[in-house]
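K.L.:
I would like to see how this sequence folds:
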Amino acid sequence: MNGEEKRREQTSAQSAASDGSPRRPEWADGESASSYVHAERPPAPKRIVKRKERSVDEYVQGVLAGDRTMLAQAITLVESNAARHIDLAQHVLHALLPHVGRSIRIGITGVPGAGKSTFIEAFGTFLCEQGHRVAVLAVDPTSSLTGGSILGDKTRMETLARHPLAFIRPSPSGGALGGVHRKTRETMMLCEAAGYDIILVETVGVGQSEFVVRGMVDFFLLLALTGAGDELQGMKRGIMELVDAIVINKADGDNKEKAKAAQTEYNQFLHYLRPATPGWETKAYTCSALLGEGIADMWRVIETFVATTKRSGVFFDRRRQQQKDWMHAMIKEYIETRFFADPIVKEKLPMLENSVISGAKPVTAAVKELIEAYERKRSGEL
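P.N.:
Residues are numbered from 1 along each chain as shown. Modelled structure (predicted):
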């Protein structure tokens with residue numbers, strides 16, 4: 001290929017690069033050459049556009065308007081641990097305070113295999129069809145182990161997730177259980193301000209989460225299965241004393257008679273327990289969430305509970321006590337965080353731990369020494 005041919009080839013390649021169309025070099029054999037490499041300008045780097053941080057007023061107006069996208073963003077804000085987000089979130093929550101507290105808060109827990117997701121979907125869908133706006137939240141203390149949220153909340157409740165009157169939010173990862181508690185409470189406030197009049201709080205995992213949820217809801221129900229005798233043996237009495245109703249799920253087909261027998265057993269057992277709510281008798285009921293049977297009956301029980309406790313004042317007393325308990329829990333969380341973040345505590349704690357482990361110092365003496373060092377530093381003596 002002589003100089004003139006090379007020049008024509010370069011001109012052809014440049015032309016291809018300029019208009020984006022492929023060009024065959026003039027020297028290429030048209031029959032044997034099927035594809036060609038041609039010069040292209042490298043794509044321009046994509047600009048990362050950072051989302052503008054919203055103002056307090058934008059969050060407040062969006063939530064009050066029932067904007068689901070804005071509600072989700074506001075929840076993400078209150079879940080954030082960034083200092084600037086915490087301050088902004090508190091201003092948003094303060095502005096929304098006049099619009100919260102008007103919902104019925106229902107906690108739902110259950111033994112493994114009781115069909116909790118199926119029940120929540122059937123119950124939530126029923127409420128939406130009655131014209132209620134339903135928010136489903138979750139408390140999962142085990143999420144602190146992975147640092148993530150409960151994955152698949154929406155895929156477990158596909159019908160409810162698609163309903164325009166429903167809102168499902170996965171559990172936040174809050175580190176300690178107290179963090180999960182705080183974020184769920186604040187998420188509940190946002191949902192109430194957005195117009196959701198029924199809040200369903202689901203416990204995921206077992207143990208402490210039931211006590212946490214009892215402290216933030218009005219009505220607490222336990223989903224159970226047939227074979228009550230075996231379940232009662234393995235169930236902590238303390239959990240039974242927290243609930244306002246027991247619902248034996250999967251009461252259908254051949255299981256229907258067994259469910260009735262389990263209902264009788266549970267009611268006999270509940271007769272000897274102190275009720276969770278003064279002036280209310282905790283009872284067992286049956287339902288089939290899969291078939292939708294007993295769902296409407298369960299809602300009537302809850303409506304009766306709310307009417308009864310509002311008449312007696314217990315409903316409002318519990319709400320006030322929950323606010324007080326929440327405040328005290330947050331004070332403890334704040335003090336604990338500040339204490340362990342202090343440089344003096346960080347310096348002395350490992351040495352004192354080793355002294356306790358080796359038996360050189362009793363626990364009480366080690367704790368006293370650590371707290372005194374912290375207090376001296378706070379007083380400006382160190």
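
K.L.:
show me what contacts Pro275?
P.N.:
When contacts are counted by Cβ atoms under 8 Å, 6 or more residues apart in numbering, Pro275 touches Asp244, Glu281, Thr282. Glycine gets a C-beta too; all of them are placed from N, C-alpha and C.

K.L.:
buried subset of those?
P.N.:
Neighbour-count burial (16 or more other Cβ atoms under 10 Å) is assigned, among the contacts of Pro275, to Asp244, Thr282.

K.L.:
which of the contacts of Pro275 lies closest to Ser355?
P.N.:
Taking Cβ to Cβ as the measure, Ser355 lies nearest Asp244 of the contacts of Pro275, at 48.2 Å.

K.L.:
ramachandran coordinates for the closest one?
P.N.:
Backbone torsions for Asp244, taken as degrees, to the nearest 10, come to phi -100, psi -10.

K.L.:
can you give me the strands in the stretch 251-382 of the chain?
P.N.:
Taking DSSP state E, counting those that start in this stretch to define them, one finds strands in the stretch 251-382 of the chain at 283-286.

K.L.:
the helices in it, which residues?
P.N.:
For the stretch 251-382 of the chain, applying DSSP state H, counting those that start in this stretch gives helices covering 256-270, 295-312, 314-341, 343-358, 363-378.

K.L.:
looking at the ones you listed, which is closest to Val139?
P.N.:
Checking the helices of the stretch 251-382 of the chain against Val139 by Cβ to Cβ gives helix 314-341 as the closest, at 13.6 Å.

K.L.:
list the buried residues for that closest one?
P.N.:
Val314, Phe315, Arg318, Gln322, Trp326, Ala329, Glu333.

K.L.:
what does the pLDDT read for the second one?
P.N.:
Read it as Phe315. Phe315 carries a pLDDT score of 98 in this model.

K.L.:
give the contact list for Ser117.
P.N.:
Applying Cβ under 8 Å, 6+ apart to Ser117 gives the contacts Arg156, Met157.

K.L.:
distance check, it against Gly110.
P.N.:
9 Å (Cβ to Cβ, to the nearest Å).

K.L.:
cool, and Thr125?
P.N.:
To Gly110, Thr125 is 18 Å away according to Cβ to Cβ.

K.L.:
equivalent analysis for Val134, please.
P.N.:
Val134 is 18 Å from Gly110, where distance means Cβ to Cβ.

K.L.:
compare the two and say which is more crowded by neighbours.
P.N.:
Applying other Cβ atoms under 10 Å to Val134 and Gly110 shows that Val134 carries more neighbours, namely 26 against 22.

K.L.:
my guess is that one contacts Glu192. True?
P.N.:
No: counting by Cβ atoms under 8 Å, Val134 does not reach Glu192; the two are 12.0 Å apart.

K.L.:
tell me the residues that contact both of these two, please.
P.N.:
Ile199.

K.L.:
returning to that earlier point: show me which of the contacts of Pro275 is closest to Leu225.
P.N.:
The shortest gap between Leu225 and any of the contacts of Pro275 belongs to Thr282, at 17.9 Å (Cβ to Cβ).

K.L.:
what pLDDT does the closest one get?
P.N.:
96.

K.L.:
from Thr187, how far out is it?
P.N.:
For Thr282, the distance to Thr187 (Cβ to Cβ) stands at 28 Å.

K.L.:
relative to Leu223, how far out is the residue nearest to Lys250 when sequence neighbours are not counted?
P.N.:
Distances taken as Cβ to Cβ, 6 or more residues apart in numbering put Gly115 closest to Lys250, at 5.9 Å, once the chain neighbours are dropped. Going from Gly115 to Leu223 by Cβ to Cβ gives 7 Å.
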